[in-house]
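**Q** Got a predicted model here, sequence first, then my questions.
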Amino acid sequence: MPDARQIAVSGSERAELEMGTIGPNALEGSRDAAAEFLLTCERMLRRCFLPPLPEHDLAASLLSQAADALLERNLLQAADLIRRSDLRFLEDYRYKVAGPLDPAIHRIAKFPVYARSSQTMGRRMPTMAVTREVFARDGYRCRFCGSKVIVKEARKVFINALPTVVRWAGTNRGCHFGLAVLSASIDHVVPFQRGGRSEDLANLVTACNPCQFGRGHCLLDEVELEDPTKYAPVIDDWDGLTRLRAFRLHRDQSSDAEVSCR
C-alpha cells in the first residue's frame, strides 16, 4: 500500500501538491530563526488531510456516464462504467485519511480528550430537507478537499438496478471504492459532540467520506485544518447524480440485465 507521500505526490499523473520554495537569500539571521521559519511553514493550516487524486475525478466522470446510461435504459453500458469506476487507489486514499491516525497526515498522535458539551442537544444530524439544501448550496462537492460527491439516493439506484455489479458488502473493502469514497455526507464544522448545532446551516458543510470521518470529533485547529466556510463553494453543472432520484426500473428489466451482465 502506498504511503502518504506517494498518495499526495506520485508523478505527473498523481495529484499535484503545491509547495513553496525558499530562495537562498530569503532567510536572514541565525540558523535557529531559519529552522523556526521552516517549522512554521510545515505546520501551516491546510484545506484537507491529503489532496484528492486524479482517480477522484475519474470515478465521478465514469459514474456520471453510468447514470446517463441508466436513464437511457442501457444497463450493459452502465454496468461496464460502474466496474471501471471501482478504483482501488481510492480505497488506499480513504484508509490513509479515515483509518488509523498518522501524525504526518492528521498532525495528532491520538484523539484529544474532551468533556462532552453541555450544549449538545437537539438532532445529531439534520433533516433530509436540510441535508439536500446544504448539498445544493455546496455544489455537491466536499468543502474540504473539493472532490465531487454523489448523493445516497443515486448510490441506491445503482445498487437496486445492478446488484451483482455494484459491490456493497457493508465493509470498507467490500464496497465499491468509487461510490464509497465519493459518498456525500454532512459534516459539522464544530462537531456535534463539541457543541456544534445541526440546526445552524453555517455549521454544516458537505463532505466526502474520508474527510467526514478523518477528523472524528476533533476541532479544526486540533488537526490544523482551515475553516472550509472561508472559501466559496464551487457551483457548476455537477449535480451529485441527483438526476437519478426519480429513476425507476421495472423488476423484469433488472433481472434481464443481471443475466446479461454475469
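**A** Yep, that arrived. All of these numbers come straight from a predicted model, not from anything done at the bench. Residues are numbered from 1 along each chain as shown.
**Q** Helices of the stretch 101-250 of the chain, residue ranges please.
**A** In the stretch 101-250 of the chain, the helices defined using DSSP state H, counting those that start in this stretch lie at 103-106, 128-137, 152-161, 177-181, 209-214.
**Q** Residue ranges in the stretch 1-150 of the chain under the pLDDT threshold?
**A** For the stretch 1-150 of the chain, applying pLDDT under 70 flags the ranges 1-43, 117-122.
**Q** before we move on, the earlier item: which of the helices of the stretch 101-250 of the chain sits closest to G240?
**A** With C-beta to C-beta, the closest approach to G240 among the helices of the stretch 101-250 of the chain belongs to helix 128-137: 6.0 Å. Using the backbone N, CA and C atoms, a C-beta is placed for each residue, glycine as well.
**Q** what angle separates that closest one from helix 152-161?
**A** Interaxial angle, helix 128-137 versus helix 152-161 (axes from the mean of the first three to the mean of the last three C-alpha atoms, to 10 degrees): 100 degrees.
**Q** Quick check: I159 vs E153, distance?
**A** In this view, I159 and E153 are 11 Å apart by C-beta to C-beta, to the nearest Å.
**Q** Can you redo the helices of the stretch 101-250 of the chain as a markdown table, where the extra columns are mean neighbour count and distance to G146?
**A** Putting the helices of the stretch 101-250 of the chain into a markdown table (neighbours: other C-beta atoms under 10 Å; distance: least, C-beta to C-beta, whole Å) gives the following:
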| stretch | mean neighbour count | distance to G146 |
| --- | --- | --- |
| helix 103-106 | 15 | 17 |
| helix 128-137 | 15 | 15 |
| helix 152-161 | 20 | 19 |
| helix 177-181 | 25 | 14 |
| helix 209-214 | 24 | 10 |
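**Q** Mind telling me what element the closest residue to G214 other than its chain neighbours is part of?
**A** In space, G214 comes closest to V97 once its chain neighbours are excluded; the distance is 4.3 Å by C-beta to C-beta, 6 or more residues apart in numbering. Per DSSP states H and E, V97 falls inside helix 88-98.
**Q** Now do that helix: distance to the chain's middle.
**A** On the basis of C-alpha atoms, centre = their mean, to the nearest Å, helix 88-98 sits 10 Å off its chain's mean C-alpha point.
**Q** what are the C-alpha coordinates of it, in CSV please?
**A** Only the C-alpha atoms of helix 88-98 are listed here, as CSV (Å, rounded to 0.1, in the frame of the first residue of the first chain):
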residue,chain,number,x,y,z
ARG,A,88,-8.6,0.5,-5.7
PHE,A,89,-6.4,3.6,-5.3
LEU,A,90,-9.4,5.4,-3.8
GLU,A,91,-9.6,2.9,-1.0
ASP,A,92,-5.9,3.3,-0.3
TYR,A,93,-6.6,7.1,-0.1
ARG,A,94,-9.6,6.6,2.2
TYR,A,95,-7.6,4.3,4.5
LYS,A,96,-4.9,6.9,4.9
VAL,A,97,-7.3,9.7,5.7
ALA,A,98,-10.1,7.9,7.7
